[in-house]
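> Just the structure for this:
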Amino acid sequence: MHHTSWSARDGAPESILSITQTRDGWLWLGGAGGLYRFDGMQFEQFAPVNAALPTQNVSLVNAAAGGGLWIGYRTGGASFLQHGLIRNYGEQDGLPNRAVWGLEHDGGGRMWAATALGMFYLDGERWQKPAASWGLDGGRYKTLMRDRHGVLWAQGDAGVYSLKPGETRFIRAAVDSGTGVLFELPDGKVVSWNARHTRLSLLTGSGANTAYRQWSAIGDPGSLLIDRHGDLWVGLLEGLEHHTAQGIARAAPLQGLSGRAVGAIFEDREGNIWTSTSSGIDRFRHRRLSKLDVPAAAVGGALVADDSGGVWIGSYHVVASETGQVSATPLRTLAGGGWDSVLTSLARTSDGALWGASYGTLRRIEGRGSRPVALPANLDAVRVQALLADRDDSLLVALAQHGLYRRSPQGSWEKTGGEGEVIVMARSDASGLWLGYHPGLVVHVQGAARRSYGAAEGLALGTVMALHLHGRHVWAGGEHGLALFGADRFNRLSGANGETFHGISGIVELDNGDVWVNAFAGLFRIPGAEIAKFEQQRDYRVHYERLDQLDGLEGSAPYLAPTPSLVLTSDRRLWIARSTGLFRLNPAEPLPPAPGLPVVIKTLGAPGDGKPLQLPIRFAPGTSALQFDYTSPALAIPERLRFRYRLHEIDAAWQEAGARRSAYYSNLAPGDYHFSVTATDYNGNWSDAVSTVDFAIAPKATQTWWFKALCGFALFSAVYVVYRWRIRRLGWQLADRLQERVNERERIARELHDTLLQSVQGLVLHVHAAVLKLPVKDTARLQIETALQQADEVLDEGRERIRELRGQDGGKLCFADAVLAAAARLPHGDAGPLRLTISGAARQLDATIYTEALAIVTEAVVNAYTHARATRIEAEVRYSRWEFRCILRDNGIGIPAAVLSDGGRQNHWGMCGMYERAARIKAQLLVRSCEGGGTEWQLDVPAALAYTR
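Modelled structure (predicted):
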């Protein structure tokens, strides 16, 4: 069996008194040092989440059928643990202040406790001592067991009692069973151990109430166990014994046992046997492969099967019985000595003869006798690479560096197979003869036809070291992997997870389609269903099972010679040659059961400070680094498990973790997260069960949405203040410039008034005085009076222009009325009167803005009347908080695209003037027009510039 031990230096607890396995797969251990659990890789002392254990002095652990764990204590009391939460029971709950040695449910679901002061049962939340009607005698009880039929068995000082499901009275067994332990045999019978008389008693079935004598000389055990195979395990003060039908196997510290005195013995759901000693914990499990005890001289020899379930290897004939007994018989012993070298090539002919070869030697072996056979002339000192018997009993002999020769049954030799060095050969009636040449060429010989296959035909295996023929399948294996022949070429197989199957020196295909290959990294099994998928899809990556040292296989496959290193014997067993010896496997043996349990997320928290999960999980503000610790309880071969995880908000795909059982993340932002993890089984197949945990990281005050919103608002406010300050400053600058212009206009107006108008007015008065001296009906007087009237009009017009220069007209009419008045003074043609709409509360405009905006709108109206030939003109004036806007629309002929792109017609300055006026007052002037679709002008002036208040 495969034996593994853990001591205190490996973290294992010492002096454990009780072992059990809960439904979630954990192995629980209780002893004087407290409560521990084990997932197959790491021991950890367990502390419940909600309360502490009443004491660390644990006497018993027992898994509840419905989940959870019952715990008994040597100083009295019991506890029930489930989902990390514990419920403690003590004297206040009815249990005596004495050791609890047994805790078990009966067939009706009632919980019983076996204590040093008798039996107790749990009634609701309180323990009760059973009344006399239950039929239980007083005294100490130490063992409780429920069998597969739901019968509760109790063993104490007064004997053994049983309680059937649904009944309320115990029945005492007739046999004097005494104190000790109870067992259920694989066939369902119940046996008790009478420690006082050192014997086993059968309590049920045929032969009930009699001594059970399957085992004898058990001695004085401290613990006993009957496993699922019906074998007995005995814990003694000086080690461990395993009693089977084949004999007794013993383990002590010299054989690797962790300590001398054996305490508890337990069998888990996977069939592993666990024992506790004074110094640690041990596990025993069955090996898939058994190593055969053969002479060292046989290791490294050729391997060929016989007809009776045995093999010839090297110079020995080896037979192994079902019980594991191995006998190795030399093939021949000569007087005065035996063969000096190991046979590195073997073959069998149909006449029953065995042919063996070593360096420069070829022998024919029949029964106990053998005789040397001469090699071809001048080649008696050449090493034989391989032997193969052909269908006519001729012998094909591959000689190193000399090619292939054929020896006829009559003893003559001839060169065959062409040039080149043959390394390996295979033949079948269905497929013909296949030859593997150095360095990487395979030749198929079918009668007189020969066909070669190399890298161009898919054979990229390096040196071909194995050829195997089975039905229509032709297999080739070599230093770079495995290939299957089909469609006149070889197709190389690749395994899932990047497996290459490199270093193959032995191939066997079974009748069920499974293919076994002996490769450098281990023994591989590729199921027949996977081979069928590969034949349908050549790039398919096959799933496989690998057996290695964890299954009892040691060493590596032979390289180059001797081959084959894997054979199937007549009893359907596989024999495997490795560098460390000879191994045997039953390929029909079922695979070890995989746990099939979801991954357990143990702790979550800051790196090195993880805490058990307690939902809901919310981390404090400022948390940015987290460590997830997870595991999958797998007690047989936990080293085979592989994990992958994913934090959905961070990872786009699964993160492969290999055998690592922790995940780390840093630089995590506040928010909600979803973590998932899953694992493979022992054969590398990913489970569909995914374990998840949701958690959240609280934000700091500076990471909350309202803080970000406040910062955004503050930033926006600052930008707005700067913007308003900039607009106001621009307004001040523009107002200063406009004031300078106003001052200049007023100066010009004064100069015109004080000089030109006054002079003209004086001139008009002088002329008028002179006219009065002329006769009334004088023709000259009439002409002069007409000229004086025109001069008055010129003066009026001059005074109007002076008033405009001084800006005195702006305050007389509001802007909307000024627009209507300007439009009214213009010739309408066929157009109707201007339609004006006003939105917003009217505000007083700056004089300059008023003048320039009115000039722009007036020019737009002139264009609409004069050039656009519009019949409908609409104007809109908007007073908004942010801007002053004027819009003028017409339904005229529109403005040509070329005129729009040029900014006006050549030698016409209307549009150009409009844009210049808008630029002077820092306004935006937009025009939208298309030919035949009318025109729309839009003038926008910032409020800071447009309004005086």
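> From here on, just use CA atoms for contacts and neighbour counts.
Will do.
> In this protein, what helix or strand scores lowest on average pLDDT?
When the helices and strands of the chain are compared on mean pLDDT, DSSP states H and E, helix 779-805 comes out lowest with a mean of 76.
> what's that helix packed up against?
helix 705-751, helix 758-772 (3 or more C-alpha pairs under 8 Å, 6 or more residues apart in numbering; DSSP states H and E).
> For the stretch 551-700 of the chain, which segments are assigned as strands?
566-568, 574-578, 581-585, 600-606, 609-612, 617-619, 626-631, 643-647, 655-658, 662-665, 671-679, 691-697 (DSSP state E, counting those that start in this stretch).
> coming back round to it: can you say which of the helices and strands packed on helix 779-805 is nearest to I504?
Smallest distance to I504 across those (C-alpha to C-alpha): 62.8 Å, for helix 705-751.
> Give me the helices and strands touching that closest one, please.
Helix 705-751 packs on helix 779-805, helix 943-946, going by 3+ C-alpha pairs under 8 Å, 6+ apart.
> Can you tell me which of these is packed in deepest?
Comparing the helices and strands packed on helix 705-751 by mean neighbour count (mean count of other C-alpha atoms under 10 Å), helix 943-946 comes out on top with a mean of 22.
> Look up which residues are beta-bridged to I86.
Taking DSSP bridges, one obtains L81 as the residues bridged to I86.
> how about the helices and strands packed on helix 705-751 in JSON lines, adding distance to V764?
As requested, the helices and strands packed on helix 705-751 are arranged in JSON lines below (distance: least, C-alpha to C-alpha, whole Å):
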{"stretch": "helix 779-805", "distance to V764": "7"}
{"stretch": "helix 943-946", "distance to V764": "42"}
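> Please name whichever of those helices is nearest to A297.
helix 943-946 (107.9 Å).
> what comes into contact with the closest one?
Here helix 943-946 makes contact (C-alpha atoms under 8 Å, 6 or more residues apart in numbering) with 727-728, 731, 734-735, 845-846, 849, 880-884, 921.
> mind running it again at 6 Å?
Helix 943-946 is contacted from outside by G731, L845, D846, W882, E883, F884, using C-alpha atoms under 6 Å, 6 or more residues apart in numbering.
> Can I get the residues you listed in JSON lines including secondary structure, distance to H402 and pLDDT?
Shown next, in JSON lines, are the contacts of helix 943-946 (DSSP: H, G, I helix; E, B strand; the rest coil; distance: C-alpha to C-alpha, whole Å; pLDDT from 0 to 100):
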{"residue": "G731", "secondary structure": "helix", "distance to H402": "107", "pLDDT": "79"}
{"residue": "L845", "secondary structure": "strand", "distance to H402": "115", "pLDDT": "88"}
{"residue": "D846", "secondary structure": "coil", "distance to H402": "115", "pLDDT": "85"}
{"residue": "W882", "secondary structure": "coil", "distance to H402": "103", "pLDDT": "89"}
{"residue": "E883", "secondary structure": "strand", "distance to H402": "104", "pLDDT": "92"}
{"residue": "F884", "secondary structure": "strand", "distance to H402": "107", "pLDDT": "93"}
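> From E751, how far off is the residue in the chain sticking out farthest from the centre?
Relative to the C-alpha centroid of the chain, counting by C-alpha atoms, centre = their mean, P775 is the outermost residue, at 122.0 Å. As judged by C-alpha to C-alpha, to the nearest Å, P775 and E751 stand 37 Å apart.
> Using CSV, lay out the contacts of helix 943-946 together with distance to G310 and neighbour count.
Output for the contacts of helix 943-946, formatted as CSV (distance: C-alpha to C-alpha, whole Å; neighbours: other C-alpha atoms under 10 Å):
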residue, distance to G310, neighbour count
G731, 110, 20
L845, 117, 21
D846, 117, 17
W882, 103, 12
E883, 105, 17
F884, 108, 23
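> and which of these is nearest E14?
Distances from E14 to those, taken by C-alpha to C-alpha, are shortest for W882, at 84.2 Å.
> Strands along the stretch 251-400 of the chain, start to end?
Going by DSSP E, counting those that start in this stretch, the stretch 251-400 of the chain shows strands at 262-267, 273-277, 280-285, 289-292, 303-305, 311-313, 316-320, 326-330, 345-348, 354-358, 361-366, 369-373, 384-389, 395-399.
> Pick out the shakiest of these, pLDDT-wise.
Lowest mean pLDDT within the strands of the stretch 251-400 of the chain: strand 369-373, at a mean of 82.
> Check which helices and strands that one is in contact with.
Packing partners of strand 369-373 (3 or more C-alpha pairs under 6 Å, 6 or more residues apart in numbering; DSSP states H and E): strand 361-366.
> how about the strands of the stretch 801-949 of the chain, start to end?
835-839, 873-879, 883-890, 924-929, 935-942.
> what's in contact with stretch 514-531?
Counting by C-alpha under 6 Å, 6+ apart, 503-504, 506-509, 513, 542, 544-548, 556-557 sit against stretch 514-531.
> Neighbour-wise, give me the winner out of those residues.
Ranked by the number of neighbours (other C-alpha atoms under 10 Å), the contacts of stretch 514-531 place I504 first, at 34 neighbours.
> give me the low-pLDDT residue ranges for the stretch 601-750 of the chain?
Counting by pLDDT under 70, the stretch 601-750 of the chain contains no low-confidence range.
> one step back: now do the SS call for the residue farthest from the centre of the chain.
Three-state call for P775 (DSSP: H, G, I helix; E, B strand; the rest coil): coil.
> any idea how far it lies from H766?
17 Å.
> follow-up on the earlier one: so which of the contacts of stretch 514-531 belong to strands?
G506, I507, V508, E509, V542, E545, R546, L547 (DSSP state E).
> what's across from the third one in the sheet?
Read that as V508. Beta-bridge pairing of V508 under DSSP bridges involves W516.
> And for the fifth one?
When bridges are called by DSSP bridges, V542 pairs up with G495.
> What residues does it make contact with?
Here V542 is in contact with G495, A496, E530 (criterion: C-alpha under 6 Å, 6+ apart).
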